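Trainee: got a structure for you, letters missing:
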């Protein structure tokens, strides 16, 4: 089958040229709406993947906020004259500065004994995906700073 003819002869279009072949092989089917059907399946899956990625990012940011809060509260609590109340105040101050957007429902627990100080921050990451509430928990602990006079024989 010739698609291009001699000069002066009438040329046949590509669609008309393969119509006979397409009819014989069954390639000329009615496929109207096939792309729409594929998009109905693909787009929700794609949007779900994007939302899950956004949820993971928000959760990760909330964990970082909780870690920063517990580290700052521990630093204030474990100093020589620090108290658990000082750690609570510092934790609330840091949470107020960093915002309550990604980390909601926070609970800060600060304990101090004679040898150790511990801070635990818990909360829930803001939900991007409906009905998915990811918990956030961080824990920081360290020894309490104490002044020790130098030994008698030390320079």
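Mentor: Nice, I can see it. Predicted, not measured: the structure shown is a model, and the values here were computed from it.

Trainee: can I assume residue 72 is in contact with residue 89?
Mentor: No. Contact criterion CB atoms under 8 Å: residue 72 and residue 89 do not qualify, at 10.7 Å. All C-beta spots, glycine's among them, are computed from the backbone N, C-alpha and C.

Trainee: the two: who's more crowded?
Mentor: residue 72 (20 against 14; other CB atoms under 10 Å).

Trainee: the more buried one belongs to a helix?
Mentor: Yes. The assignment for residue 72 by DSSP: H, G, I helix; E, B strand; the rest coil puts it in a helix.

Trainee: name the element the closest residue in space to it that isn't next to it in sequence belongs to?
Mentor: Distances taken as CB to CB, 6 or more residues apart in numbering put residue 94 closest to residue 72, at 4.8 Å, once the chain neighbours are dropped. Assessed by DSSP states H and E, residue 94 sits inside helix 84-98.

Trainee: helices and strands around that helix, which ones?
Mentor: Here helix 84-98 touches helix 34-77, strand 103-112, strand 116-125, going by 3 or more CB pairs under 8 Å, 6 or more residues apart in numbering; DSSP states H and E.
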